[in-house]
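K.L.:
I would like to see how this sequence folds:
(chains A and B)
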2 protein chains.
Amino acid sequence: MPDRGYDVRMTGFSSRVRVEQAVSWVVDHSRPLPPEDLPLCKLAGRVLASDVISDFDVPGFDRAMMDGFAVQSADTLGASPYNRLRLTLVGTILPGDDLLPQVSSGETVKIMTGTAIPPGADAVLPVEQANFAGGEVFALSEVSPGKHVGRRGEDIARGSMALSAGRRLRPQDLGVLSSIGVSEASVVCRPRVRILVTGNELLPPGSKPSGNRISDANGPMLSALVRRDGGVPIYPGIVADAPDAILAAMQSDVEMILVSGGSSVGQEDYAPTLLTKFGELSIHGIAMRPSSPAGMGRLSERLVFLLPGNPVSCLCAYDFFAGLAIRRLAGRPDRWPYVQTQLTLRRKLVSTVGRLDYARVRIADGEIEPIAISGASILSSTTRADGFVVIPEDSEGYPAGASVTVWLY
Amino acid sequence: MPDRGYDVRMTGFSSRVRVEQAVSWVVDHSRPLPPEDLPLCKLAGRVLASDVISDFDVPGFDRAMMDGFAVQSADTLGASPYNRLRLTLVGTILPGDDLLPQVSSGETVKIMTGTAIPPGADAVLPVEQANFAGGEVFALSEVSPGKHVGRRGEDIARGSMALSAGRRLRPQDLGVLSSIGVSEASVVCRPRVRILVTGNELLPPGSKPSGNRISDANGPMLSALVRRDGGVPIYPGIVADAPDAILAAMQSDVEMILVSGGSSVGQEDYAPTLLTKFGELSIHGIAMRPSSPAGMGRLSERLVFLLPGNPVSCLCAYDFFAGLAIRRLAGRPDRWPYVQTQLTLRRKLVSTVGRLDYARVRIADGEIEPIAISGASILSSTTRADGFVVIPEDSEGYPAGASVTVWLY
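P.N.:
Numbering: from 1, shown residues only, chains lettered A, B, ... in the order given. Alright, predicted model coming up:
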């Protein structure tokens, strides 16, 4: 009988660390990457690497807050529909005009919302409070000094903090940056993440399954997850189950390596051995289900995550550890990018003390129930599920009727 | 006095429609776009245009769910640590092997999790329940028929619905598509959205403000919003406040036009007039604050939204109407892409009956308070805010201590 180098040494892990220890390792070993400068049009969703202080007042001038007439407020004293006060129209201000007519006592200038208040004027008489005929304007009401005038710098004052470091830029933030003359900003780099999928049984993503070979599900899934969390996925294809090939791929010029498959303690599981030999295998074996064969460590400066090949385990280990690391390198918040909600269990959810459980659940009639077929190999359990429940190590699960936290996919 | 074509006709809207009427108009006039076929690597976040039925069983073979030994279960009857039953090792199965050794009575084959069950075998004896020495394996426990065997098609059965039309594809969905041999899928096209920013007072995005000119905040903000909602923003720069230029831009080869600025009823507000003349101005003037000068209509097949130039109004009108239309064209759900939460008001929030209010609020110590300076021109009110509260038309607002729905930016 040819042995083909496969030794049944599959003795399992001698011990498993708790999930919280593995999370602590990730937190300790991931800091935001250095910054890069990007133009305004590329900034949406990126994380500011430094505070942005405004070099300008916004607006840069006192401006009209209503359509109407710029006036000296004293000229409107006593005006009412029964005591129309006449003003002489001496000009018109259009948006962007730099040469503004002077407003003297008894005079007025047509003005639009957003345009600059002309010199001499101190208030805006709204068009609804005026009659207009020929070159004459009649004030129908009083306006007090400063009325309907937006002050220079009232939106953003020169020298003030417009946006602070660490902020993930929203659409309206880009508007603010633009308005203070910022055409590029310094943001945290996106980590480059090499997705290293191994397995001689695997066909390239999207291939027709053939014989006893299956198409790689983890590469496409991990690529989308990495992008979601702010990383740049690099997935050139499946790597042969051979130490040289795996080591070469682990030495890619990236900030992080995700190894999918071959993460356990069998002799075909090369990645842990390679990491031990050429780098540091800090954690291997975690008290959770699925994903217990997951591991993590470093090779030079790269963070390396060993993700089990079973697709549900791969997703779970990614979400607990690798995704957290990517978000931290990208300067994003630690928390999961899933909406969290509180729902009632329709059926009991059983777990084992001493290990954390990641249970896929479905929402039905406003309650949740565990997905029936939910082994680590059943990827469709994560597509039929609406989300998942985490059952901590010290819990035996939850009874039917319990209110539990659900993370929605 | 030069009149420069600026007539003070600023008489306001004769009537304003309710927000819900405007929303109904959007719903009635936006349907998902036709599909396009895209490769697997481009599918994340896209919306399936048709059901995906699996052409394959996943797995395509009965497979081992544990590392161990493929056996005839009958051979293990009565096995225990005190009654070790001997089996002859006749082969090894590695992942992806197509030629599988036959297992006859009294024989066994080494097998790994995920590999195919060889002919003759009907169960897997886990490695933890066996002793192994030389060519002999000793069973230490009984296994029943089918034990630790995953059945062909148990994840996804051939002919079953893997994913249904209308689904926005999650990372794990890409894994499922890959595993059933789908290398490209039909998804709803992304709407192309021309962002048409007008205003002679505007400088290009990110310019240093100069004199009475301001830098365009709405173009960068709208570009990011359109992309967030699944559209393809097209923003070639500011368009002159001239009817010919605006009309030409409104005739771009796109599915939607967002006009920012010049949306009201002044004579410089060309877009509404052009829409009336060459297309259909269905709604103009909405009972809300800000954004009351917003409008919407059609030019040929294009949806056209008139968004006020004031940046907060622009954001608000986008979120209530244009964003909804983009999501609907892209096949996404109608709901806002903001997380919704329930929080307590620290100070009262006043509104006026007859108009909907969009109030920016900040979270402090777990409660919310309105942003102090919150005019429609104060874009920084939306960056200092954590979210917003919508006060319906029929409400005068909320007292301090009220629990209200907050949408988080």
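
K.L.:
Quick one: list the elements packing against the lowest-mean-pLDDT helix or strand in chain A.
P.N.:
The helix or strand of chain A with the poorest confidence is strand A:130-133; it has a mean of 91 (mean pLDDT, DSSP states H and E). Here strand A:130-133 touches strand A:136-139, going by 3 or more CB pairs under 8 Å, 6 or more residues apart in numbering or on different chains; DSSP states H and E. Where C-beta positions appear, they are placed from N, C-alpha and C, glycine not excepted.

K.L.:
what sits against the closest residue to residue A:107 other than its chain neighbours?
P.N.:
Nearest non-adjacent residue to residue A:107, counting by CB to CB, 6 or more residues apart in numbering or on different chains: residue A:90, 4.7 Å away. By CB atoms under 8 Å, 6 or more residues apart in numbering or on different chains, residue A:90 lies in contact with A:101, A:102, A:103, A:104, A:107, A:108, A:109, B:1.

K.L.:
Check residue A:389 too.
P.N.:
A:349, A:359, A:361, A:368, A:398, A:404, A:405, A:406, A:407.

K.L.:
Looking at those, spot the one nearest chain B.
P.N.:
Distance ranking of the contacts of residue A:389 against chain B, using CB to the nearest CB, places residue A:407 first at 12.7 Å.

K.L.:
what's the helix or strand for that closest one?
P.N.:
Following DSSP states H and E, one finds residue A:407 within strand A:403-408.

K.L.:
could you pull out the helices for chain A?
P.N.:
With helices called from DSSP state H, chain A shows them at A:19-28, A:171-179, A:218-228, A:243-250, A:270-278, A:311-317, A:323-329, A:380-384.

K.L.:
Format the ones you listed as a markdown table; extra columns: mean pLDDT.
P.N.:
Below are the helices of chain A laid out as a markdown table (pLDDT from 0 to 100):
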| stretch | mean pLDDT |
| --- | --- |
| helix A:19-28 | 98 |
| helix A:171-179 | 98 |
| helix A:218-228 | 98 |
| helix A:243-250 | 96 |
| helix A:270-278 | 95 |
| helix A:311-317 | 96 |
| helix A:323-329 | 98 |
| helix A:380-384 | 94 |
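
K.L.:
Could you tell me how far the nearest residue in space to residue A:171 that is not next to it in sequence is located from residue B:387?
P.N.:
Using CB to CB, 6+ apart and skipping residues adjacent in sequence, the residue nearest residue A:171 is residue B:224, 3.7 Å away. Counting by CB to CB, to the nearest Å, the separation of residue B:224 from residue B:387 is 17 Å.

K.L.:
Likewise for residue A:105?
P.N.:
Separation of residue A:105 from residue B:387 (CB to CB): 47 Å.

K.L.:
Over to residue A:151?
P.N.:
Remark: distance between residue A:151 and residue B:387 (CB to CB) = 27 Å.

K.L.:
Equivalent analysis for residue A:123, please.
P.N.:
Going from residue A:123 to residue B:387 by CB to CB gives 34 Å.

K.L.:
again with residue A:41
P.N.:
In terms of CB to CB, residue A:41 sits 26 Å off from residue B:387.

K.L.:
higher neighbour count, the two?
P.N.:
residue B:387 (21 against 18; other CB atoms under 10 Å in any protein chain shown).

K.L.:
Spit out the contact partners of the more buried one.
P.N.:
Contacts of residue B:387 by CB under 8 Å, 6+ apart are B:338, B:360, B:361, B:363, B:368, B:406, B:407, B:408, B:409.

K.L.:
give me the low-pLDDT residue ranges for the stretch 251-400 of chain A?
P.N.:
A:264-267, A:374 (pLDDT under 70).

K.L.:
Run through the residues of it sitting next to chain B.
P.N.:
Residues of the stretch 251-400 of chain A lying near chain B by CB under 8 Å from any CB of the partner chain: A:266, A:268, A:309-311, A:315, A:339, A:373, A:375, A:377-380, A:382-383.
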